[in-house]
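Chemist: Here is a sequence with its predicted model. Questions after.
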There are 2 protein chains.
Amino acid sequence: MAKTIAGPEIERLIQLLAKLPGLGPRSARRAALHLVKKREPILRPLTAAMADALDKVGECSVCGNIDTSDPCTICRDPSRDQSVVIVVEDVSDLWALERAKALNAAYHVLGGVLSPLEGIGPEDLTIRQLVERVATGEVKELVIAVNATVEGQTTAHYLMDQLEGLDVKATRLAHGVPVGGELDYLDEGTLSAAMRSRTAL
Amino acid sequence: MAKTIAGPEIERLIQLLAKLPGLGPRSARRAALHLVKKREPILRPLTAAMADALDKVGECSVCGNIDTSDPCTICRDPSRDQSVVIVVEDVSDLWALERAKALNAAYHVLGGVLSPLEGIGPEDLTIRQLVERVATGEVKELVIAVNATVEGQTTAHYLMDQLEGLDVKATRLAHGVPVGGELDYLDEGTLSAAMRSRTAL
(Lines give C-alpha, C1' and ligand atoms only; values in the text may rest on other atoms or scores of the structure.)
Protein backbone atom coordinates (compact mmCIF):
# COMPACT_ATOMS: atom_id res chain seq x y z
CA MET A 1 0.00 0.00 0.00
CA ALA A 2 1.33 3.37 -0.96
CA LYS A 3 0.02 5.01 2.19
CA THR A 4 -0.34 3.57 5.65
CA ILE A 5 -4.02 3.28 6.41
CA ALA A 6 -4.27 1.62 9.78
CA GLY A 7 -0.98 2.58 11.38
CA PRO A 8 2.50 1.06 11.08
CA GLU A 9 1.64 -1.84 13.44
CA ILE A 10 -0.92 -3.33 11.05
CA GLU A 11 1.21 -2.56 7.99
CA ARG A 12 4.06 -4.50 9.56
CA LEU A 13 1.74 -7.38 10.46
CA ILE A 14 0.51 -7.53 6.85
CA GLN A 15 4.06 -7.44 5.45
CA LEU A 16 5.18 -10.29 7.71
CA LEU A 17 2.10 -12.41 7.04
CA ALA A 18 2.71 -12.00 3.30
CA LYS A 19 6.01 -13.87 3.75
CA LEU A 20 4.19 -17.07 4.70
CA PRO A 21 3.85 -19.62 1.90
CA GLY A 22 0.36 -19.53 0.41
CA LEU A 23 -0.34 -15.93 1.44
CA GLY A 24 0.07 -13.09 -1.06
CA PRO A 25 -0.32 -9.37 -0.31
CA ARG A 26 -4.10 -9.55 -0.69
CA SER A 27 -4.67 -12.62 1.47
CA ALA A 28 -2.17 -11.27 4.03
CA ARG A 29 -4.40 -8.20 4.39
CA ARG A 30 -7.44 -10.43 4.86
CA ALA A 31 -5.56 -12.55 7.39
CA ALA A 32 -4.37 -9.47 9.33
CA LEU A 33 -7.89 -8.09 9.45
CA HIS A 34 -9.24 -11.45 10.55
CA LEU A 35 -6.63 -11.62 13.33
CA VAL A 36 -7.40 -8.14 14.59
CA LYS A 37 -11.14 -8.75 14.52
CA LYS A 38 -10.87 -12.16 16.21
CA ARG A 39 -8.61 -10.99 19.05
CA GLU A 40 -9.59 -13.50 21.70
CA PRO A 41 -10.48 -16.58 19.62
CA ILE A 42 -7.48 -16.40 17.27
CA LEU A 43 -4.99 -13.54 17.69
CA ARG A 44 -4.24 -14.16 21.36
CA PRO A 45 -3.86 -17.99 21.21
CA LEU A 46 -1.91 -17.83 17.92
CA THR A 47 0.50 -15.26 19.36
CA ALA A 48 0.97 -17.52 22.39
CA ALA A 49 1.46 -20.62 20.21
CA MET A 50 4.09 -18.81 18.16
CA ALA A 51 5.89 -17.52 21.23
CA ASP A 52 5.82 -21.09 22.53
CA ALA A 53 7.27 -22.44 19.27
CA LEU A 54 9.94 -19.72 19.33
CA ASP A 55 10.80 -20.72 22.86
CA LYS A 56 10.72 -24.50 22.59
CA VAL A 57 10.91 -25.81 19.04
CA GLY A 58 14.22 -26.49 17.34
CA GLU A 59 16.06 -28.83 15.01
CA CYS A 60 17.03 -32.33 16.14
CA SER A 61 20.83 -32.54 16.11
CA VAL A 62 20.68 -36.20 15.07
CA CYS A 63 18.19 -36.27 12.18
CA GLY A 64 17.24 -32.66 11.41
CA ASN A 65 13.57 -33.16 12.35
CA ILE A 66 11.77 -30.30 14.06
CA ASP A 67 10.67 -30.93 17.62
CA THR A 68 10.56 -29.60 21.16
CA SER A 69 13.23 -32.00 22.35
CA ASP A 70 16.73 -32.76 21.08
CA PRO A 71 17.19 -35.59 20.12
CA CYS A 72 13.62 -35.55 18.77
CA THR A 73 10.75 -37.82 19.81
CA ILE A 74 11.34 -40.07 16.79
CA CYS A 75 15.09 -40.46 17.45
CA ARG A 76 14.40 -41.33 21.12
CA ASP A 77 11.55 -43.76 20.38
CA PRO A 78 12.68 -47.26 21.43
CA SER A 79 9.72 -48.86 19.60
CA ARG A 80 11.19 -47.69 16.28
CA ASP A 81 13.80 -49.60 14.37
CA GLN A 82 16.62 -47.06 14.72
CA SER A 83 18.83 -49.14 12.42
CA VAL A 84 16.65 -48.19 9.43
CA VAL A 85 16.99 -44.53 8.43
CA ILE A 86 14.62 -42.94 5.92
CA VAL A 87 16.40 -40.13 4.07
CA VAL A 88 14.06 -37.27 3.10
CA GLU A 89 14.58 -33.84 1.58
CA ASP A 90 12.47 -31.89 4.00
CA VAL A 91 10.58 -32.11 7.30
CA SER A 92 7.33 -31.89 5.33
CA ASP A 93 8.25 -35.20 3.62
CA LEU A 94 8.93 -36.72 7.05
CA TRP A 95 5.48 -35.56 8.18
CA ALA A 96 3.89 -37.03 5.02
CA LEU A 97 5.53 -40.44 5.62
CA GLU A 98 4.53 -40.34 9.30
CA ARG A 99 0.93 -39.54 8.39
CA ALA A 100 1.00 -42.55 6.07
CA LYS A 101 2.55 -44.63 8.89
CA ALA A 102 4.84 -45.83 6.10
CA LEU A 103 7.58 -47.40 8.23
CA ASN A 104 8.30 -47.37 11.96
CA ALA A 105 11.92 -46.31 11.57
CA ALA A 106 14.22 -43.31 12.04
CA TYR A 107 14.77 -40.40 9.65
CA HIS A 108 17.43 -38.15 8.25
CA VAL A 109 16.39 -34.76 6.86
CA LEU A 110 18.78 -33.55 4.14
CA GLY A 111 17.43 -30.02 4.20
CA GLY A 112 16.97 -29.83 0.43
CA VAL A 113 18.50 -31.24 -2.73
CA LEU A 114 21.65 -30.49 -4.68
CA SER A 115 20.94 -27.73 -7.19
CA PRO A 116 23.87 -26.09 -8.99
CA LEU A 117 21.41 -23.59 -10.53
CA GLU A 118 20.29 -22.37 -7.11
CA GLY A 119 23.81 -22.63 -5.72
CA ILE A 120 22.98 -25.47 -3.31
CA GLY A 121 26.00 -27.72 -2.88
CA PRO A 122 26.69 -30.76 -0.64
CA GLU A 123 27.86 -28.54 2.23
CA ASP A 124 24.41 -26.88 2.33
CA LEU A 125 22.76 -30.23 3.04
CA THR A 126 23.27 -32.65 5.95
CA ILE A 127 25.04 -35.25 3.77
CA ARG A 128 28.24 -35.23 5.86
CA GLN A 129 26.20 -35.79 9.04
CA LEU A 130 24.41 -38.72 7.39
CA VAL A 131 27.70 -40.32 6.31
CA GLU A 132 29.01 -39.93 9.88
CA ARG A 133 25.80 -41.46 11.23
CA VAL A 134 26.19 -44.46 8.90
CA ALA A 135 29.93 -44.75 9.76
CA THR A 136 29.04 -45.49 13.41
CA GLY A 137 27.83 -48.88 12.14
CA GLU A 138 24.45 -48.54 13.81
CA VAL A 139 22.56 -48.00 10.55
CA LYS A 140 21.79 -51.17 8.57
CA GLU A 141 19.48 -49.73 5.90
CA LEU A 142 19.03 -46.34 4.31
CA VAL A 143 15.69 -45.79 2.53
CA ILE A 144 16.43 -42.99 0.09
CA ALA A 145 13.03 -41.27 -0.03
CA VAL A 146 13.97 -38.13 -1.96
CA ASN A 147 11.52 -36.81 -4.52
CA ALA A 148 11.49 -38.44 -7.95
CA THR A 149 12.75 -35.24 -9.57
CA VAL A 150 16.02 -34.69 -11.44
CA GLU A 151 17.53 -32.84 -8.46
CA GLY A 152 16.29 -35.53 -6.07
CA GLN A 153 17.82 -38.32 -8.12
CA THR A 154 21.11 -36.41 -8.56
CA THR A 155 21.24 -35.96 -4.79
CA ALA A 156 20.57 -39.68 -4.28
CA HIS A 157 23.44 -40.60 -6.63
CA TYR A 158 25.82 -38.17 -4.96
CA LEU A 159 24.84 -39.63 -1.59
CA MET A 160 25.48 -43.19 -2.81
CA ASP A 161 28.97 -42.12 -3.93
CA GLN A 162 29.70 -40.70 -0.49
CA LEU A 163 28.54 -43.92 1.18
CA GLU A 164 30.82 -46.12 -0.88
CA GLY A 165 32.80 -48.55 1.26
CA LEU A 166 30.39 -48.28 4.19
CA ASP A 167 28.46 -51.37 5.21
CA VAL A 168 24.88 -50.22 4.66
CA LYS A 169 22.03 -51.39 2.45
CA ALA A 170 20.43 -48.63 0.39
CA THR A 171 16.87 -48.89 -0.88
CA ARG A 172 14.44 -46.53 -2.56
CA LEU A 173 10.66 -46.15 -2.65
CA ALA A 174 8.96 -48.25 -5.32
CA HIS A 175 7.69 -46.54 -8.45
CA GLY A 176 4.20 -47.48 -9.57
CA VAL A 177 0.59 -46.50 -10.01
CA PRO A 178 -0.68 -44.31 -7.12
CA VAL A 179 -3.39 -46.04 -5.09
CA GLY A 180 -6.70 -44.75 -6.46
CA GLY A 181 -4.98 -43.30 -9.52
CA GLU A 182 -6.34 -43.60 -13.04
CA LEU A 183 -4.01 -45.05 -15.66
CA ASP A 184 -5.22 -42.59 -18.27
CA TYR A 185 -3.82 -39.66 -16.29
CA LEU A 186 -0.41 -41.16 -15.54
CA ASP A 187 2.80 -40.34 -17.37
CA GLU A 188 4.56 -42.97 -19.46
CA GLY A 189 7.55 -43.27 -17.11
CA THR A 190 5.33 -44.21 -14.18
CA LEU A 191 3.33 -46.68 -16.28
CA SER A 192 6.50 -48.37 -17.62
CA ALA A 193 7.93 -48.59 -14.10
CA ALA A 194 4.69 -50.05 -12.75
CA MET A 195 4.64 -52.61 -15.56
CA ARG A 196 8.27 -53.64 -15.00
CA SER A 197 7.64 -54.08 -11.27
CA ARG A 198 4.33 -55.94 -11.72
CA THR A 199 3.58 -58.45 -8.99
CA ALA A 200 1.60 -61.70 -8.84
CA LEU A 201 -2.10 -61.36 -7.98
CA MET B 1 -3.18 -35.57 11.67
CA ALA B 2 -4.25 -38.69 13.51
CA LYS B 3 -1.05 -38.79 15.55
CA THR B 4 1.05 -35.92 16.79
CA ILE B 5 4.30 -35.96 14.92
CA ALA B 6 6.17 -32.92 16.08
CA GLY B 7 4.80 -32.40 19.56
CA PRO B 8 1.64 -30.61 20.76
CA GLU B 9 3.22 -27.14 20.35
CA ILE B 10 3.47 -27.48 16.57
CA GLU B 11 0.10 -29.24 16.30
CA ARG B 12 -1.50 -26.30 18.08
CA LEU B 13 0.30 -23.81 15.84
CA ILE B 14 -0.96 -25.66 12.75
CA GLN B 15 -4.53 -25.78 14.08
CA LEU B 16 -4.56 -22.04 14.79
CA LEU B 17 -2.95 -21.08 11.49
CA ALA B 18 -5.62 -23.16 9.70
CA LYS B 19 -8.24 -20.74 11.08
CA LEU B 20 -6.85 -17.87 9.03
CA PRO B 21 -8.74 -17.10 5.82
CA GLY B 22 -6.92 -18.52 2.82
CA LEU B 23 -5.11 -21.25 4.77
CA GLY B 24 -6.42 -24.82 4.81
CA PRO B 25 -4.99 -27.71 6.86
CA ARG B 26 -2.33 -28.42 4.24
CA SER B 27 -1.13 -24.85 3.76
CA ALA B 28 -1.27 -24.31 7.53
CA ARG B 29 1.23 -27.16 7.91
CA ARG B 30 3.48 -25.57 5.28
CA ALA B 31 3.17 -22.18 6.99
CA ALA B 32 3.98 -23.67 10.42
CA LEU B 33 7.03 -25.43 9.04
CA HIS B 34 8.14 -22.24 7.30
CA LEU B 35 7.76 -20.29 10.55
CA VAL B 36 9.75 -22.80 12.56
CA LYS B 37 12.50 -22.98 9.95
CA LYS B 38 12.70 -19.20 9.54
CA ARG B 39 12.88 -18.43 13.25
CA GLU B 40 14.79 -15.17 13.12
CA PRO B 41 13.67 -13.70 9.78
CA ILE B 42 9.94 -14.45 10.21
CA LEU B 43 8.78 -16.25 13.36
CA ARG B 44 10.33 -13.81 15.85
CA PRO B 45 9.25 -10.55 14.12
CA LEU B 46 5.78 -11.90 13.30
CA THR B 47 5.23 -12.98 16.93
CA ALA B 48 6.31 -9.49 18.03
CA ALA B 49 4.04 -7.81 15.45
CA MET B 50 1.08 -9.88 16.63
CA ALA B 51 1.79 -9.17 20.28
CA ASP B 52 2.00 -5.50 19.32
CA ALA B 53 -1.33 -5.66 17.50
CA LEU B 54 -2.88 -7.47 20.48
CA ASP B 55 -1.59 -4.74 22.73
CA LYS B 56 -2.36 -1.64 20.71
CA VAL B 57 -4.89 -2.20 17.95
CA GLY B 58 -8.60 -1.80 18.53
CA GLU B 59 -11.86 -0.59 17.03
CA CYS B 60 -12.54 3.12 16.59
CA SER B 61 -15.53 4.00 18.78
CA VAL B 62 -16.66 6.62 16.23
CA CYS B 63 -16.49 4.81 12.88
CA GLY B 64 -15.59 1.16 13.60
CA ASN B 65 -12.27 1.37 11.73
CA ILE B 66 -9.34 -0.60 13.14
CA ASP B 67 -6.45 1.48 14.41
CA THR B 68 -3.98 2.00 17.23
CA SER B 69 -5.76 5.15 18.41
CA ASP B 70 -9.37 5.84 19.34
CA PRO B 71 -10.79 7.87 17.62
CA CYS B 72 -8.84 6.52 14.65
CA THR B 73 -6.38 8.44 12.47
CA ILE B 74 -9.05 9.00 9.82
CA CYS B 75 -11.63 10.36 12.30
CA ARG B 76 -9.03 12.75 13.77
CA ASP B 77 -7.67 13.93 10.41
CA PRO B 78 -8.52 17.65 10.03
CA SER B 79 -7.60 17.57 6.32
CA ARG B 80 -10.55 15.24 5.67
CA ASP B 81 -14.09 16.43 5.08
CA GLN B 82 -15.62 14.96 8.24
CA SER B 83 -19.09 16.04 7.11
CA VAL B 84 -19.04 13.38 4.39
CA VAL B 85 -19.29 9.82 5.75
CA ILE B 86 -18.69 6.81 3.52
CA VAL B 87 -20.70 3.83 4.81
CA VAL B 88 -18.98 0.49 4.19
CA GLU B 89 -19.72 -3.08 5.22
CA ASP B 90 -16.27 -3.98 6.42
CA VAL B 91 -12.84 -2.53 7.26
CA SER B 92 -11.48 -4.29 4.17
CA ASP B 93 -13.80 -2.11 2.03
CA LEU B 94 -12.51 0.97 3.85
CA TRP B 95 -8.95 -0.12 3.06
CA ALA B 96 -9.88 -0.68 -0.60
CA LEU B 97 -11.38 2.82 -0.92
CA GLU B 98 -8.36 4.33 0.85
CA ARG B 99 -5.96 2.54 -1.49
CA ALA B 100 -7.95 3.98 -4.41
CA LYS B 101 -7.80 7.42 -2.70
CA ALA B 102 -11.47 7.53 -3.67
CA LEU B 103 -12.59 10.42 -1.43
CA ASN B 104 -10.88 12.33 1.36
CA ALA B 105 -13.73 11.91 3.80
CA ALA B 106 -14.73 10.02 6.96
CA TYR B 107 -16.12 6.47 7.20
CA HIS B 108 -18.64 4.36 9.03
CA VAL B 109 -18.07 0.61 9.19
CA LEU B 110 -21.37 -1.30 9.51
CA GLY B 111 -19.67 -4.54 10.45
CA GLY B 112 -21.58 -6.62 7.91
CA VAL B 113 -24.92 -6.67 6.12
CA LEU B 114 -28.43 -7.67 7.16
CA SER B 115 -28.92 -11.35 6.51
CA PRO B 116 -31.98 -13.09 7.96
CA LEU B 117 -30.60 -16.42 6.73
CA GLU B 118 -27.43 -16.02 8.81
CA GLY B 119 -29.37 -14.46 11.69
CA ILE B 120 -27.76 -11.02 11.29
CA GLY B 121 -30.23 -8.31 12.27
CA PRO B 122 -29.92 -4.50 12.61
CA GLU B 123 -28.71 -4.80 16.22
CA ASP B 124 -25.67 -6.81 15.04
CA LEU B 125 -24.56 -3.90 12.84
CA THR B 126 -23.61 -0.33 13.79
CA ILE B 127 -26.75 1.16 12.21
CA ARG B 128 -27.96 2.75 15.45
CA GLN B 129 -24.55 4.39 15.97
CA LEU B 130 -24.67 5.74 12.40
CA VAL B 131 -28.15 7.21 12.91
CA GLU B 132 -26.93 8.86 16.15
CA ARG B 133 -23.89 10.20 14.32
CA VAL B 134 -26.12 11.74 11.64
CA ALA B 135 -28.54 13.07 14.28
CA THR B 136 -25.79 15.33 15.68
CA GLY B 137 -26.21 17.39 12.49
CA GLU B 138 -22.50 17.27 11.67
CA VAL B 139 -22.92 14.88 8.73
CA LYS B 140 -24.06 16.46 5.47
CA GLU B 141 -23.65 13.52 3.10
CA LEU B 142 -23.67 9.74 3.48
CA VAL B 143 -22.06 7.81 0.62
CA ILE B 144 -23.62 4.36 0.90
CA ALA B 145 -20.75 2.18 -0.38
CA VAL B 146 -22.12 -1.25 0.53
CA ASN B 147 -21.53 -4.08 -1.92
CA ALA B 148 -23.87 -4.35 -4.90
CA THR B 149 -25.29 -7.64 -3.58
CA VAL B 150 -28.87 -8.40 -2.54
CA GLU B 151 -27.91 -8.23 1.16
CA GLY B 152 -25.95 -5.03 0.62
CA GLN B 153 -28.87 -3.36 -1.13
CA THR B 154 -31.36 -4.58 1.50
CA THR B 155 -29.11 -3.10 4.17
CA ALA B 156 -28.93 0.19 2.26
CA HIS B 157 -32.74 0.36 2.05
CA TYR B 158 -33.15 -0.42 5.75
CA LEU B 159 -30.59 2.26 6.56
CA MET B 160 -32.44 4.83 4.43
CA ASP B 161 -35.65 4.04 6.35
CA GLN B 162 -33.88 4.63 9.65
CA LEU B 163 -32.51 7.96 8.43
CA GLU B 164 -35.94 9.26 7.43
CA GLY B 165 -36.57 12.74 8.79
CA LEU B 166 -32.89 13.49 9.32
CA ASP B 167 -31.31 16.27 7.26
CA VAL B 168 -28.68 14.34 5.32
CA LYS B 169 -28.00 13.73 1.64
CA ALA B 170 -27.52 10.06 0.74
CA THR B 171 -25.58 9.01 -2.34
CA ARG B 172 -24.31 5.70 -3.69
CA LEU B 173 -21.35 4.62 -5.83
CA ALA B 174 -22.00 4.78 -9.59
CA HIS B 175 -22.64 1.57 -11.46
CA GLY B 176 -20.75 1.10 -14.72
CA VAL B 177 -18.03 -0.61 -16.67
CA PRO B 178 -14.91 -1.28 -14.53
CA VAL B 179 -11.86 0.64 -15.76
CA GLY B 180 -9.90 -1.76 -17.94
CA GLY B 181 -12.84 -4.18 -18.07
CA GLU B 182 -13.96 -5.94 -21.24
CA LEU B 183 -17.60 -5.54 -22.21
CA ASP B 184 -17.82 -9.14 -23.34
CA TYR B 185 -17.21 -10.38 -19.80
CA LEU B 186 -19.67 -8.06 -18.05
CA ASP B 187 -23.11 -9.04 -16.88
CA GLU B 188 -26.20 -7.48 -18.46
CA GLY B 189 -27.17 -5.51 -15.35
CA THR B 190 -23.83 -3.70 -15.32
CA LEU B 191 -23.95 -3.01 -19.06
CA SER B 192 -27.52 -1.62 -18.85
CA ALA B 193 -26.56 0.57 -15.89
CA ALA B 194 -23.46 1.84 -17.71
CA MET B 195 -25.55 2.63 -20.78
CA ARG B 196 -28.24 4.48 -18.78
CA SER B 197 -25.57 6.58 -17.03
CA ARG B 198 -23.57 7.28 -20.20
CA THR B 199 -21.76 10.62 -20.21
CA ALA B 200 -20.65 13.05 -22.93
CA LEU B 201 -17.20 12.45 -24.43
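Modeler: Yep, that arrived.
Chemist: Counting neighbours, what do you get for the closest residue in space to A:V109 that isn't next to it in sequence?
Modeler: Nearest residue to A:V109 in three dimensions, chain neighbours excluded: A:G64, at 3.3 Å (C-beta to C-beta, 6 or more residues apart in numbering or on different chains). From N, CA and C alone the C-beta is placed, and that goes for glycine too. Counted by other C-beta atoms under 10 Å in any protein chain shown, the residues lying close to A:G64 total 21.
Chemist: One more: A:K101?
Modeler: 9.
Chemist: Please apply the same query to A:A96.
Modeler: 15.
Chemist: Please identify which helix or strand holds it.
Modeler: Using DSSP states H and E, A:A96 maps to helix A:91-99.
Chemist: Centre of the chain to that helix, how far?
Modeler: With C-alpha atoms, centre = their mean, to the nearest Å as the basis, helix A:91-99 stands 6 Å off its chain's centre.
Chemist: List the buried residues of it.
Modeler: A:V91, A:S92, A:D93, A:L94, A:W95, A:L97, A:E98 (16 or more other C-beta atoms under 10 Å in any protein chain shown).
Chemist: Now the longest strand anywhere in chain A: average pLDDT?
Modeler: The single longest strand within chain A, with elements called by DSSP state E, is strand A:81-88. The predicted model assigns strand A:81-88 a mean pLDDT of 96.
Chemist: List of residues touching the helix or strand of chain A with the lowest mean pLDDT?
Modeler: For chain A, the helix or strand with the lowest mean confidence is helix A:188-196, at a mean of 87 (criterion: mean pLDDT, DSSP states H and E). With C-beta atoms under 8 Å, 6 or more residues apart in numbering or on different chains as the contact definition, helix A:188-196 has outside contacts at A:H175, A:G176, A:V177, A:L183, A:L186.
Chemist: got it, and stretch A:130-142?
Modeler: Contacts for stretch A:130-142 (C-beta under 8 Å, 6+ apart): A:62, A:82-87, A:108, A:110, A:159, A:162-163, A:166-171.
Chemist: Identify the intersection of the residues you listed with the contact set of chain B.
Modeler: The subset of the contacts of stretch A:130-142 within reach of chain B, by C-beta under 8 Å from any C-beta of the partner chain, is empty.
Chemist: If any of the residues you listed are buried, give me the ChimeraX selection for them.
Modeler: Those of the contacts of stretch A:130-142 that count as buried under 16+ other C-beta under 10 Å are selected in ChimeraX with:
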select /A:62,82,84,85,86,87,108,110,159,163,168
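Chemist: Kindly provide the distance from A:G119 to A:G112.
Modeler: With distances taken as C-beta to C-beta, to the nearest Å, A:G119 is found 11 Å from A:G112.
Chemist: Figure out the helix or strand that A:L142 lives in.
Modeler: strand A:141-144.
Chemist: Past that strand, which element shows up next along the chain?
Modeler: Assigned by DSSP H and E, the successor of strand A:141-144 is helix A:150-163.
Chemist: name the helices or strands packed onto that next one?
Modeler: Helix A:150-163 is packed against helix A:127-135, strand A:141-144, strand A:169-172, with contacts defined by 3 or more C-beta pairs under 8 Å, 6 or more residues apart in numbering or on different chains; DSSP states H and E.
Chemist: Quick one: end-to-end length of stretch A:17-29, please.
Modeler: 8 Å (C-alpha to C-alpha, to the nearest Å).
Chemist: Can you name the residues in contact with it?
Modeler: Contacts for stretch A:17-29 (C-beta under 8 Å, 6+ apart): A:14-15, A:31-32, B:21-23, B:27, B:30-31, B:34-35, B:38, B:41-42, B:46, B:92, B:95.
Chemist: now do 6 Å
Modeler: For stretch A:17-29, the external contacting residues (C-beta atoms under 6 Å, 6 or more residues apart in numbering or on different chains) are A:I14, A:A31, A:A32, B:G22, B:S27, B:R30, B:A31, B:H34, B:I42.
Chemist: What about the first one, how many residues nearby?
Modeler: To tie it back to what came earlier, the one meant is A:I14. Counted with other C-beta under 10 Å, A:I14 comes out at 23.
Chemist: Surely it touches A:L33?
Modeler: No: look at A:I14 against A:L33 with C-beta atoms under 6 Å: they stay out of range, at 8.9 Å.
Chemist: Poorly predicted segments of chain A, please.
Modeler: Residue ranges of chain A with pLDDT under 70: A:1-6.
Chemist: Note down every partner strand of the strand holding A:L142 and its orientation.
Modeler: strand A:81-88 (parallel), strand A:169-172 (parallel) (DSSP bridges).
Chemist: how is chain A carved up into domains?
Modeler: If you go by automatic domain parsing, the domain ranges for chain A are A:7-24+A:31-56, A:80-172.
Chemist: Just say which of those domains is most tucked in.
Modeler: Mean neighbours per residue, mean count of other C-beta atoms under 10 Å in any protein chain shown, is largest over these for domain A:7-24+A:31-56, with a mean of 19.
Chemist: Show the end-to-end separation of that one, please.
Modeler: 32 Å.
Chemist: and stretch A:64-79, how far from the chain's centre?
Modeler: Using C-alpha atoms, centre = their mean, the offset of stretch A:64-79 from its chain centre is 15 Å.
Chemist: and what of stretch A:185-201?
Modeler: Worked out by C-alpha atoms, centre = their mean, stretch A:185-201 lies 26 Å from the chain centre.
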